[in-house]
Structures are given as structure tokens and as C-alpha cells.
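Visitor: Provided below are the primary sequence and the corresponding predicted coordinates.
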Amino acid sequence: LLKNCERFITNSSAAYYEAPHFLREEQIIMVGARNKNRTPVLTNNKGTPASELILKHLKNYWRNKNEE
């Protein structure tokens, strides 16, 4: 979904973790103060530790589902 957005208007931490992989900085519009002092996560475009954990869980899910 993010990949197809013209603008991402949010107060979510996704603006710091996921959105930068798909959008330019000027496309991400933060609202509210929820993440006011959050520091953007710098990655090497290979993902963050959380991304790796999510990927691991998804692979396990699909493997288990296909074994049923």
C-alpha cells in the first residue's frame, strides 16, 4: 500500500520504519505529537531487526500452513 501512495499522512511509527523504503521524505507527513522525539531508524535497505523477525514469522506460518 505504501508503495502506491502519493502522500502518507500519519502519526504512526511506520513513517520511520517502513515508509522510507517506499516514499521520499517529502511524501511522508507526520501529524500529532505521538512520535515527536522519535529518531528515524537508519537502515541499509536490507530491513531492520523487526523486519527480519516479521519475515521469519511469515515464513514459518506459510511453511506450517503448507504442511497441513
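Guide: All right, it came through fine.
Visitor: Break down this protein into its helices, ranges please.
Guide: Under the criterion DSSP state H, the chain contains helices at 14-17, 49-67.
Visitor: Show me which residues of the first one are buried.
Guide: If I follow you right, that is helix 14-17. Neighbour counts using 16 or more other CB atoms under 10 Å place 15-17 of helix 14-17 among the buried residues. The way it works is simple: take the backbone N, C-alpha and C, and place the C-beta from them, glycine included.
Visitor: For those, please prepare a markdown table with the additional fields pLDDT and distance to K3.
Guide: Shown next, in a markdown table, are the buried residues of helix 14-17 (pLDDT from 0 to 100; distance: CB to CB, whole Å):
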| residue | pLDDT | distance to K3 |
| --- | --- | --- |
| A15 | 84 | 15 |
| Y16 | 81 | 17 |
| Y17 | 80 | 15 |
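Visitor: Tabulate those residues (TSV), appending distance to L58.
Guide: As requested, the buried residues of helix 14-17 are exported to TSV (distance: CB to CB, whole Å):
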residue	distance to L58
A15	22
Y16	21
Y17	16
